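# below is the structure, and that's it, no one-letter string:
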């Protein structure tokens with residue numbers, strides 16, 4: 001199986017030295033990529049700016065902004081069977097980037113914010129029938145409602161939701177706890193556990209056959225094997 005994973009934060013420039021970002025470390029996405037590689041899958045990893053060593057055998061595709069990440073995902077989307085959008089992408093960016101450093105003596109800068117590219121929304125029309133898309137939802141409240149809303153609105157097959165208000169879970173932590181909601185109505189709970197363990201378990205539930213029948217990706221892979 002070909003697995004495309006995104007990881008880490010994005011950075012949206014304010015001026016040549018400042019940017020707006022978030023607290024994502026990239027550990028969850030990197031752990032998913034490593035787990036997929038260890039399971040024998042071909043893996044491509046699109047990574048925002050992180051302070052992590054690349055997973056063994058994987059050369060990350062480095063990006064900075066949400067626009068950069070969208071472009072990289074689009075370039076690699078047709079290649080993948082499974083797409084896991086674990087990156088924490090900025091929701092907003094400055095409309096214009098100052099060409100010079102903004103000086104403190106000039107007072108607080110007036111910044112006009114505009115929406116950053118919504119990657120999952122942008123690629124939804126490009127999804128092929130045999131592909132499986134899983135998003136992530138990092139929330140501080142109303143976890144189930146917000147995750148299920150995103151699942152519907154972004155036309156996902158599954159979404160992994162985590163409550164980042166909980167101690168030692170999510171951002172800047174080596175551990176996590178996930179609730180995975182499927183478009184089919186299936187729900188899987190993972191953790192609390194180390195992110196490496198969560199990643200292995202997540203990969204298993206995303207590639208496992210549904211109770212109502214075989215996973216369409218597995219049918220596709222079986223067909224490839226018969227024809228090879």
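Looks like it arrived, so ask away. Predicted, not measured: the structure shown is a model, and the values here were computed from it. Residues are numbered from 1 along each chain as shown.
# what ranges do the strands span in the chain?
2-7, 12-13, 19-20, 42-47, 61-62, 82-85, 92-94, 113-115, 132-139, 158-163, 175-182, 187-194 (DSSP state E).
# could you save the ones you listed as CSV and add columns showing mean neighbour count, mean pLDDT and distance to residue 205?
C-betas here are computed from N, CA, C, even on glycine. Below are the strands of the chain laid out as CSV (neighbours: other Cβ atoms under 10 Å; pLDDT from 0 to 100; distance: least, Cβ to Cβ, whole Å):
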stretch, mean neighbour count, mean pLDDT, distance to residue 205
strand 2-7, 26, 98, 14
strand 12-13, 19, 96, 33
strand 19-20, 18, 94, 33
strand 42-47, 23, 98, 18
strand 61-62, 16, 98, 26
strand 82-85, 25, 98, 12
strand 92-94, 18, 95, 32
strand 113-115, 11, 96, 31
strand 132-139, 23, 91, 10
strand 158-163, 23, 93, 8
strand 175-182, 21, 92, 6
strand 187-194, 15, 92, 5
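# rebuild those as CSV, extending it with distance to residue 206.
As requested, those are exported to CSV (distance: least, Cβ to Cβ, whole Å):
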stretch, distance to residue 206
strand 2-7, 9
strand 12-13, 30
strand 19-20, 31
strand 42-47, 14
strand 61-62, 21
strand 82-85, 6
strand 92-94, 30
strand 113-115, 28
strand 132-139, 6
strand 158-163, 6
strand 175-182, 8
strand 187-194, 9
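# return the distance of residue 79 relative to residue 87.
18 Å (Cβ to Cβ, to the nearest Å).
# any stretches of this protein with poor pLDDT?
Scanning the chain with the threshold set as pLDDT under 70 gives 169-170, 209-228.
# let's see 50
Applying pLDDT under 50 to the chain flags residues 212-228.
# residue 147 contacts residue 181, correct?
Yes: Residue 147 is within contact range of residue 181, at 5.4 Å (criterion: Cβ atoms under 8 Å).
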